[in-house]
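# Need coordinates for the below:
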Amino acid sequence: MAKNDLLIDIFGTNITISTEEPTKYLEMLLGKYRRTIENVQRTTGLKDPLKIAVLTGFLLCDDLEKAGSAPGAVKDEEQGEVERLTESMISRLSEIMSNTPEEDLMPSELAENFPVFKLINSIKNYDWGSMDWIPALLGQININRVPQAELWMGVNPSAPSRVKLSGNSEYAESEPLLSELIGREKATLLGTETAGKFGTLPFLFKVLAAEKPLSIQAHPDLRQARDGFEKENLKGIPLDAPDRNYKDPGDKPEIICALSDFFALCGFRDAREICSIFEILSMESGGIVKQGFEKLILALKRQDGNPLKDFLSALFSMNSEWLELLYPFLKEQQEKLKRDYHKFKNEWTLCVYLAGFFPKDHGILAPLYLNIIELDPGSAMYVPAGILHSYIKGLGIELMSDSDNVLRGGLSSKYIDKAELLNILNFSKFKPEVMKVPNPAPFCYKYPAPIENFALSVMHGSGDTAIYAEAGPSILIVSSGCMIINQTTSLDTGESAFIPPHKNLELSGTFTAYLASVKIDKKA
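So this is what the prediction gives:
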């Protein structure tokens, strides 16, 4: 029997399959495949062709399985041919989408043809995230209503960015990993200094959407991270184990910049101020609750140690009976405390707010011993290693070392290692400086955070043309408006791009954008 050919042209990929089935039947199959793809795109908001192809294949296989297992279903030869043909189409399409011909995508040539590399980024879904904030930034609708907590930009293998190379006639539709392009020609895409020092991008750039409080946490310094990573390796703790503290040997300094009103806790207050706050609670309480507060006050007044460390150790050791009584006490006394001790009105309010999420957690008292920080849009703060902190609520831009080392101390259902947290914390009084953009705002303002290897900047375009001339590799994201690059490439709100080093670009348009860049020694 003569075979008929079917041309499948999806996602810019053209493949042909041959079969004995009638042409009309083949076109019916392709129509079903296209409709399923359109439904997947519409309902999920996905843009990555590989992900769309995989999910489409899964749905079609589900349809086939249900049809074959339905009561009275007969899996005859014709039905078997449908299944074989459809699965062949799915397999072939996924194979082509995941195996881009790398020889056609030489980074040195691409760097000349593309002023910047637009990115396709991954989203992390954590329960503290917002269902709406990141989708709104990206101009998408979150149909499945799953919280979207973080959008990652960079080369971290947990959620690596892809590069969008479409739109240029010289290159086929392709979305290779940014890390793959960099790995194939580091000198071109990183520059010799960054390539020699790091071998990759040394930072992770994020949009963070905290609709609920994040855990109370701190990050190790470089020595602590290396020692902890080696120690857990020797113990044979798998990297993906839930009780693993150190996922890599890197430190994790970070800077957070507000895109909306942003609320956080950061750094220990002075021990004397903490003591005065808990003395108020002791006076207003009785029984077991009062005994617990007295224990914490005693720890703060000890003269033979570090009062902040003694206090936190005592708080971590409080029994479950006291913790169960803590929230009812705070809720009952909230209005009286706000009336009689108005100076700490925000502290009392925030304690009760946190207790609404974690009612039996000692972390609900964190506003009484950590500084409450409020950031206006555009304001930022730097969080060094060893500083206890928690992001409470808001949308922000976060820049950090490309590390995943987190030690938690409360307000979390994840693993909490109190002993190791006490081991890496800086038990000194610390209140972060709030960095604000000057008024009037310059075209580009670099936040003066004391981070050695990378920097965060904000750019404000007002219609005039300005020159971008960062010496190191960078990633930028447009938070509002539209940026025009070299009068040929546009980045709309929510779009991001990787920029190789030493790119002299002309930027125009009306926009606000945030830039993460590797610091380069210009004397080198």
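
# mind exporting stretch 185-199 as CSV, just the C-alpha atoms?
C-alpha atoms of stretch 185-199 as CSV (Å, rounded to 0.1, in the frame of the first residue of the first chain):
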residue,chain,number,x,y,z
GLU,A,185,32.6,30.2,24.8
LYS,A,186,33.2,31.6,28.3
ALA,A,187,35.7,34.3,27.1
THR,A,188,33.1,35.8,24.8
LEU,A,189,30.0,35.7,27.0
LEU,A,190,31.7,36.2,30.4
GLY,A,191,34.8,38.1,29.6
THR,A,192,38.3,36.9,30.5
GLU,A,193,38.3,38.2,34.1
THR,A,194,34.9,36.6,35.0
ALA,A,195,35.7,33.4,33.1
GLY,A,196,39.0,33.1,34.9
LYS,A,197,37.8,33.9,38.4
PHE,A,198,34.4,32.1,38.4
GLY,A,199,34.0,30.1,35.2
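
# list the buried ones in it?
By neighbour count on 16 or more other Cβ atoms under 10 Å, the buried set for stretch 185-199 is Glu185, Lys186, Thr188, Leu189, Leu190, Gly191, Glu193, Thr194, Ala195, Phe198. The way it works is simple: take the backbone N, C-alpha and C, and place the C-beta from them, glycine included.

# From these, which land in helices?
Counting by DSSP state H, the part of the buried residues of stretch 185-199 found in helices is Lys186, Thr188, Leu189, Leu190, Glu193, Thr194, Ala195.

# where does the protein have low pLDDT?
1-19, 38-51, 61-113, 166-174, 522-524 (pLDDT under 70).

# Nearest to the middle of it, which residue? Look it up for me.
Closest residue to the average C-alpha location of the chain: Glu150 at 3.3 Å, with Cα atoms, centre = their mean.

# Provide a list of residues in contact with that residue.
Counting by Cβ atoms under 8 Å, 6 or more residues apart in numbering, Glu150 makes contact with Ile123, Lys124, Tyr126, Gly129, Lys206, Val207, Leu208, Ala209, Glu398.

# again, 7 Å this time
By Cβ atoms under 7 Å, 6 or more residues apart in numbering, Glu150 lies in contact with Lys124, Lys206, Val207, Leu208.

# If we ignore the residues flanking it in sequence, what's nearest it?
Nearest non-adjacent residue to Glu150, counting by Cβ to Cβ, 6 or more residues apart in numbering: Lys124, 4.2 Å away.

# now do Ile416
Counting by Cβ to Cβ, 6+ apart, the residue nearest Ile416 is Arg408, at 4.8 Å.

# what about the closest residue to Asn453 other than its chain neighbours, how many neighbours?
Distance criterion Cβ to Cβ, 6+ apart; nearest residue to Asn453, sequence neighbours excluded, is Pro202 at 5.0 Å. Pro202 has 22 neighbouring residues, counting by other Cβ atoms under 10 Å.

# Distance-wise, check Pro202 relative to Glu452.
Computed as Cβ to Cβ, to the nearest Å, the Pro202 to Glu452 distance reads 10 Å.

# burial count for Arg34?
Neighbour count of Arg34, defined by other Cβ under 10 Å: 14.

# Does it lie in a helix or a strand, and which?
Per DSSP states H and E: Arg34 is located in helix 23-44.

# Ok, Cys275 next?
Applying DSSP H and E as the criterion places Cys275 in helix 271-283.

# quick one: the helix or strand just after that helix to chain centroid distance?
Next along the chain after helix 271-283, taking DSSP H and E as the criterion, comes helix 287-301. Relative to its chain's centre, helix 287-301 lies at 38 Å (Cα atoms, centre = their mean, to the nearest Å).

# Can you spell out which helices and strands pack onto helix 287-301?
Judged by 3 or more Cβ pairs under 7 Å, 6 or more residues apart in numbering; DSSP states H and E, helix 287-301 is in contact with helix 271-283, helix 307-316, helix 320-340.

# which residue packs closest to Ser496, ignoring adjacent ones?
Leaving aside its chain neighbours, Ser496 sits nearest to Ile477 (4.0 Å; criterion: Cβ to Cβ, 6+ apart).
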